[in-house]
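Colleague: Here is my input; please provide its structure:
(one chain, ligands or ions: 2)
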Amino acid sequence: MAPINADVVNGGKDSTPPKTTLPEVDTETNGNKRYSYETLVETANFLLSRTAVRPLIGVICGSGMGSYWNEGALAENIIDGQCIPYEEIPNFPTSTVEGHHGRLVFGHLNDIPVVAMQGRFHYYEGYPLWKCCLPVRVMKLLGVRTLIATNAAGGLNPNFKIGDLMIVKDHINMMGFAGNNPLHGPNDERFGPRFPPMNKAYNYEFRKIAKEVAKELNIQDIVREGVYTCLGGPNFETVAEINMLKMVGVDAVGMSTVHEVITARHCDMNVFGLSLITNECVTSYEHEAEANHEEVLDVGRMRQDILRKFVSKLVVKFAHTLTRDSP
Ligand SMILES: O=P(O)(O)O[C@@H]1C[C@H](O)[C@@H](CO)O1
Ligand SMILES: Nc1nc2[nH]cnc2c(=O)[nH]1
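Modeller: Residues are numbered from 1 along each chain as shown. Ligands and ions are numbered 1, 2, ... in the order given. Okay, here's the model as predicted:
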């Protein structure tokens, strides 16, 4: 077979390679190539050797939602703050998406030891789902008992407005329907059971607490509750896709979280999910607007103060719930 001529592929215009170097990502999905329990223990031990913080709560920051972990804001909120870039962490992928900083932040938030992922990994970046969720297992090995997973999402529920916060009540694992699941492949019982239940994925007590906290902060008018789904991305949805998702009961759609939550529940972590509604999903062909990532990041910036206050308070309340439940 004749070799492919790049000039022809590019329409004969320009065969110079793009200026930016794309990271080499591992698209290997073969279960046997996954990182073993022992490998992740090595990653966790590396982190424990780099910080004295022993986190109880882990936070995953959604697109554009991590700015309250930046230096200025960090200094106000976090004691003993310590940032470890993903590139320095053995076996960690790297963040390739704008609005995802690419580092772990360790510290004490109102005396509660926390670790925050300022930047997460998405399937559309080329990572298999198990690799997107690797940090969740590492958090578990660090001693994290509760995961707060936040995301930016498009709103389908007609009552939702841009800038609303949706407490995730449940999810629909669309990618799982097609057989793509972070737990696919050999199961290591040291993390969790082969067949984990998922009917209590989003902790009921935490959802109640979050609604109370919303009242305390006087933000109850923008705090909603609903069902989230994740699609593979990176494209936003067609009108027909949005209409289908509405029919099956989805309130917000994004490109993350579901697989992280499955991984967290598999290893018996408590989970709280929060979506920031960054755009209204288009349900008619007459609608002029088109979804875009800039808008998503803008809404994240617009809501950063509220997110900081809300998440900080939730961390404290959830930690106290853990203490109360401890034997
Ligand atoms: O990381 P999250 O789920 O918050 O990011 C959403 C989904 C895409 O990565 C991006 C689209 O703008 O926002
Ligand atoms: N899939 C998806 N992800 C999003 N992230 C932020 N907005 C959206 C959206 O409309 N669709």
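Colleague: CA only for contacts and neighbour counts going forward, please
Modeller: OK.
Colleague: close to ligand 1, is stretch 288-299?
Modeller: Yes - Stretch 288-299 is in contact with ligand 1 by Cα under 6 Å from any ligand atom, via 293, 296.
Colleague: how about the residues of this structure near ligand 1?
Modeller: Within reach of ligand 1 by Cα under 6 Å from any ligand atom, the chain has these residues: 62-63, 151-153, 254-256, 293, 296.
Colleague: From those residues, which land in strands?
Modeller: Within the residues of the chain next to ligand 1, residues falling in strands by DSSP state E are 151-153, 254.
Colleague: could you flag which of the residues you listed are buried?
Modeller: Among those, the ones that count as buried by 16 or more other Cα atoms under 10 Å are 151-153, 254.
Colleague: Cys267 touches Arg194, doesn't it?
Modeller: No - in this structure Cys267 lies outside contact range of Arg194 using Cα atoms under 8 Å: 10.8 Å.
Colleague: Quick check on those two: which one has the bigger neighbour count.
Modeller: More crowded of Cys267 and Arg194, by other Cα atoms under 10 Å: Cys267, with 20 against 14.
Colleague: what sits against that one?
Modeller: With contacts defined as Cα atoms under 8 Å, 6 or more residues apart in numbering, Cys267 is in contact with 137, 140, 191-192.
Colleague: Show me how to select, in ChimeraX, the buried members of the residues you listed.
Modeller: Filtering those down to the buried ones (16+ other Cα under 10 Å) takes a single ChimeraX command:
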select :137,140,191,192
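Colleague: which among the contacts of Cys267 gets closest to ligand 2?
Modeller: The shortest gap between ligand 2 and any of the contacts of Cys267 belongs to Arg137, at 24.1 Å (Cα to the nearest ligand atom).
Colleague: Now do the contacts for the closest one.
Modeller: Arg137 is in contact with 40, 191, 263-264, 267, counting by Cα under 8 Å, 6+ apart.
Colleague: Give the full set of residues in contact with the residue nearest to the spatial centre of the chain.
Modeller: Central residue of the chain (Cα atoms, centre = their mean): Thr257, 4.5 Å from the mean position. Listed by Cα under 8 Å, 6+ apart, the contact set of Thr257 reads 149-151, 230, 273.
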